[in-house]
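Asks: mind folding the following:
(2 chains)
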Amino acid sequence: MLLDVIQGTENGGFVIIQDTVECCGRQLLQSCIAAALHREEDVHVLAFEVCEEDVRLRLDRKCEQRLCVHNGYTDPLGWSEHPLFTVHQFISEELNVHLSGSEESKPATLVIDSLSWILRHHPPAVVCQRLQELRRGGALRRVVALLHCDLHQQGIVGSLCHLATAVISVVPGDRGQQAVAKTTRRTKSGKVTHEEEYFSVKEDLTVTVESRPSHHGRPQTEEDEREVDPAANLTFNLRLSEGEKEAKEKLSLPFVFSAEKKSALLQPRPGSGRIVYDPDASDDFDPEDPDDDLAV
Amino acid sequence: MMLPDLGSLLGFSTEKIEKGDFILLSDRNADASFLINHFLSLYLRAGCKVCFLGLVQSFSHYSAVALRLGVNLVQAREQGQLVFLEGLKDSVGQLLQQGPDSEAYPMGFLRGSQTDLRSLFRFVQRSVGGAGEWSPSILLVDDLSVLLSLGVSVEAILDFSHYCRTTVCHQLQGNMVMLVRVGEDEDDEEGPELLLKALTHQCSLALSIQGLPTGYCRDIHGQVEVRWKERGPGAAGPGGALAQKKLLQYKVHDKGVSFFARGTSSAVL
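Replies: Predicted coordinates:
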């Protein structure tokens, strides 16, 4: 699923790549840029945390003219006299002017590196609104943003992720060197799918999915269920043969009170006791309640 | 030479200064100032132009320590190799000073209306630029968390460090070393933690000093976690999204520090 999200098969998507101090998500972001360039799309990068050289460093030279880097790295707050691109321009309408710079207004991909930088200077609600406007504006095919989720409160990260059509969280894997991408994707119908994959990014920024963590292979468990027959290896029979059935019917069970048993019990036998009762004159015997003298 | 172990470990030497590195030092329940002194003497010996924001100690303190390590700070300052901002003196001067013009002073954020560290950045910009015979340019800060105590917000400090990074590491291809101190009580103070995390996202090398988890020990003073990003020995190629980590123990001596792998202290073996 990670590859599908990076390849960006759907239109109008908003992808958030979440990372933490432990595991950097910038390479996946770069892969998204490379993938979009390979699809012959225009890519606009709002670079606040990396310089333009670093963005272009590993990208294909042939695609360079389709890549437009808005340099918010050297002077993001306008401290110098001629800032190239400031963080305040993200909110203003000016951004649309920047984005529609290319003449043949083909829908472009917007890459934001990173949302954390923008969130430091704008309230979260404004950022969310602005992102929605950008997506609905029609000038963009797709928005891909990097978010350092350990720098913000959970609620802010949550509300941004609600806007996204796909969220990729990059976390360290259990075994040594590899990183795990936890991908959650929301389709237009509202279906949510979730998958975890070990991945690696090659020198030319292509992403390869190596394997899935074992506990998340769904089809595997179904096969397991089919194999296991609950009736196998039982210590008793579930069905009886004809002979066994007859024998079972012949047997009289100890608690069944048959006529022979009753007569056998009523016959006085030698050695059995007898109760003789001779009431005294003082005995106040009430035949209706023989247990009157017991304090019950 | 001081810290031959750490130098070889990090691939640093006076002959070979990596370009554009941002080194983040941090300490928790321990004191990382020996690293600041190490980097200060290393860069001065390598003939770099050094701008040092000493917000914690006085100049004479740093000078005395550096002298032990074989570097003369007074001389370096006179020759123009070292620009030293003595935060202790300047902040008092700034608070007591009369007159409205706070913009022009590096510590001007202490009074006046400005909430960002623009004036301090201007000072750095002036100091590292025009290096002349000394190169590359280096910025050292001891330490950033003091600014938090002075009432500067985490956001303003991050903006400041961002501008310093673009100027020193990117434009001038120099190095930047910053120290952040995190208090013992983590729940109490969110500021230093947040600052440390945000800077860790930006840095290329992080050295974090911690006390031993098992408590005080006479022969091992603490442990240092080294974390490389992207480059560095043993990095898993350009595809490694994970930071490379190494955990070492150290002991601070009179004139230096020895580093060793865990459990291989001379007191143990």
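
Asks: A:Ser169 should be in a helix, yeah?
Replies: No - under DSSP: H, G, I helix; E, B strand; the rest coil, A:Ser169 falls outside any helix and is assigned strand.

Asks: residues touching A:Val192, list them.
Replies: Counting by CB atoms under 8 Å, 6 or more residues apart in numbering or on different chains, A:Val192 makes contact with A:184-186. All C-beta spots, glycine's among them, are computed from the backbone N, C-alpha and C.

Asks: correction: the previous question concerned A:Val157.
Replies: A:18, A:147, A:149.

Asks: which ones among the residues you listed lie within helices?
Replies: With helices taken from DSSP state H, there is no overlap with the contacts of A:Val157.

Asks: quick revisit: between the contacts of A:Val192, which is closest to B:Ala261?
Replies: A:Thr184 (40.6 Å; CB to CB).

Asks: mind checking which helix or strand that closest one is in?
Replies: Here A:Thr184 is covered by strand A:179-186, with elements defined by DSSP states H and E.

Asks: ok, that strand: who's next to it in the sheet?
Replies: Here strand A:179-186 is paired, per DSSP bridges, with strand A:166-172 (antiparallel), strand A:192-201 (antiparallel).

Asks: can you put the contacts of A:Val157 in a markdown table and add pLDDT, neighbour count and distance to B:Leu199?
Replies: As requested, the contacts of A:Val157 are exported to a markdown table (pLDDT from 0 to 100; neighbours: other CB atoms under 10 Å in any protein chain shown; distance: CB to CB, whole Å):
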| residue | pLDDT | neighbour count | distance to B:Leu199 |
| --- | --- | --- | --- |
| A:Gln18 | 93 | 24 | 19 |
| A:Leu147 | 94 | 25 | 17 |
| A:Cys149 | 92 | 23 | 16 |
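
Asks: count of neighbours near residue 23?
Replies: Here I'm looking at chain A. 19 (other CB atoms under 10 Å in any protein chain shown).

Asks: hmm, I had chain B in mind actually
Replies: 21.

Asks: so who does the residue of the stretch 1-150 of chain B found nearest chain A touch?
Replies: Of all residues in the stretch 1-150 of chain B, B:Arg118 sits closest to chain A, at 5.7 Å by CB to the nearest CB. Going by CB under 8 Å, 6+ apart, B:Arg118 touches A:79, B:109.

Asks: for the contacts of A:Val192, which one is nearest B:Thr200?
Replies: Closest approach to B:Thr200 among the contacts of A:Val192 (CB to CB): A:Thr184, at 25.5 Å.

Asks: how far away is that closest one from chain B?
Replies: Using CB to the nearest CB, to the nearest Å, we find A:Thr184 at a distance of 19 Å from chain B.

Asks: so that residue touches A:Glu196, yeah?
Replies: No - here A:Thr184 does not reach A:Glu196: they are 10.1 Å apart, not a contact under CB atoms under 8 Å.

Asks: got any ranges where the stretch 51-200 of chain B has weak pLDDT?
Replies: Scanning the stretch 51-200 of chain B for pLDDT under 70 picks out the ranges B:97-104, B:112-113, B:131, B:185-189.

Asks: how about the residues of it by chain A?
Replies: Contact residues (CB under 8 Å from any CB of the partner chain) of the stretch 51-200 of chain B with chain A: B:116, B:118, B:121, B:155, B:158-159, B:162-163, B:166, B:170-171, B:194, B:197-198, B:200.

Asks: just the ones of the residues you listed in helices?
Replies: By the criterion of DSSP H, membership of those in helices covers B:118, B:121, B:155, B:158-159, B:162-163, B:194, B:197-198, B:200.

Asks: in ChimeraX, select just the buried ones from those residues.
Replies: In ChimeraX, a selection of the buried entries from those looks like this (16 or more other CB atoms under 10 Å in any protein chain shown):
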select /B:118,121,158,159,162,163,194,198,200
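
Asks: take the strands paired with strand A:179-186 and write them to TSV, including distance to B:Val56 and mean pLDDT.
Replies: Formatted as TSV, the strands paired with strand A:179-186 follow (distance: least, CB to CB, whole Å; pLDDT from 0 to 100):
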stretch	distance to B:Val56	mean pLDDT
strand A:166-172	34	91
strand A:192-201	40	88
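
Asks: pick the most deeply packed of those strands.
Replies: Ranked by mean neighbour count, these are led by strand A:166-172 with a mean of 22 (mean count of other CB atoms under 10 Å in any protein chain shown).

Asks: run the chain-centre distance for that strand.
Replies: Strand A:166-172 sits 11 Å away from the centroid of its parent chain (CA atoms, centre = their mean, to the nearest Å).

Asks: give me the pLDDT for the closest residue to chain B within the stretch 1-150 of chain A.
Replies: Using CB to the nearest CB, the single residue of the stretch 1-150 of chain A nearest to chain B is A:Val21, 4.7 Å away. On the pLDDT scale, A:Val21 is placed at 88.

Asks: does it touch B:Ala198 like I think?
Replies: No - if you go by CB under 8 Å, A:Val21 and B:Ala198 don't touch, sitting 9.1 Å apart.

Asks: next, show the common contact partners of the two.
Replies: With CB under 8 Å, 6+ apart, A:Val21 and B:Ala198 have common neighbours A:His148.

Asks: could you pull out the strands in the chain for me?
Replies: Unless you meant another one, I'm taking chain A. Listed in chain order, the strands of chain A (DSSP state E) span A:13-19, A:43-47, A:67-71, A:108-113, A:140-148, A:166-172, A:179-186, A:192-201, A:207-211.

Asks: if you could check chain B rather than the one you did, that'd help
Replies: B:22-28, B:49-54, B:82-86, B:137-142, B:175-182, B:205-210, B:222-228, B:244-252, B:257-261.

Asks: possible to save those as a markdown table with distance to A:Val5?
Replies: Shown next, in a markdown table, are the strands of chain B (distance: least, CB to CB, whole Å):
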| stretch | distance to A:Val5 |
| --- | --- |
| strand B:22-28 | 31 |
| strand B:49-54 | 44 |
| strand B:82-86 | 48 |
| strand B:137-142 | 39 |
| strand B:175-182 | 35 |
| strand B:205-210 | 30 |
| strand B:222-228 | 28 |
| strand B:244-252 | 27 |
| strand B:257-261 | 41 |
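
Asks: ok so, going back, export the contacts of A:Val192 to CSV and tack on neighbour count?
Replies: Formatted as CSV, the contacts of A:Val192 follow (neighbours: other CB atoms under 10 Å in any protein chain shown):
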residue, neighbour count
A:Thr184, 18
A:Arg185, 21
A:Arg186, 17
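
Asks: tell me the one among those residues nearest to A:Asp284.
Replies: Of all the contacts of A:Val192, A:Thr184 has the smallest distance to A:Asp284: 87.1 Å, by CB to CB.

Asks: how far does stretch B:160-172 stretch from start to finish?
Replies: Stretch B:160-172 has an end-to-end distance of 17 Å (criterion: CA to CA, to the nearest Å).

Asks: gap between it and the chain center?
Replies: Its chain's C-alpha centre and that of stretch B:160-172 lie 14 Å apart, by CA atoms, centre = their mean.

Asks: need the contact partners of it.
Replies: For stretch B:160-172, contacts defined as CB under 8 Å, 6+ apart pick out A:51, A:73-77, A:79, B:20-22, B:116-117, B:120-121, B:124-125, B:128-129, B:131, B:136-139, B:144, B:147, B:174-176, B:178, B:199, B:202.

Asks: same thing with stretch A:73-90?
Replies: By CB under 8 Å, 6+ apart, stretch A:73-90 touches A:46-52, A:70-72, A:95, A:98, A:117-118, A:121-122, A:127, A:130, B:116, B:118, B:121, B:159, B:162-163, B:166, B:170-171.

Asks: which two of the residues of the stretch 51-200 of chain B next to chain A have the greatest separation?
Replies: B:Gln171 and B:Leu194 (27.1 Å).

Asks: what parts of the stretch 1-150 of chain A come near chain B?
Replies: A:21-25, A:27-28, A:49, A:51, A:58, A:73-77, A:79, A:116, A:120-121, A:148, A:150.

Asks: out of those residues, which sit inside helices?
Replies: Among these, the residues falling in helices (DSSP H) are A:27-28, A:116, A:120-121.

Asks: could you dump these into CSV and include distance to B:Trp228, neighbour count and pLDDT?
Replies: As requested, these are exported to CSV (distance: CB to CB, whole Å; neighbours: other CB atoms under 10 Å in any protein chain shown; pLDDT from 0 to 100):
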residue, distance to B:Trp228, neighbour count, pLDDT
A:Gln27, 15, 24, 87
A:Leu28, 19, 25, 89
A:Ser116, 22, 24, 93
A:Arg120, 26, 20, 92
A:His121, 30, 17, 92
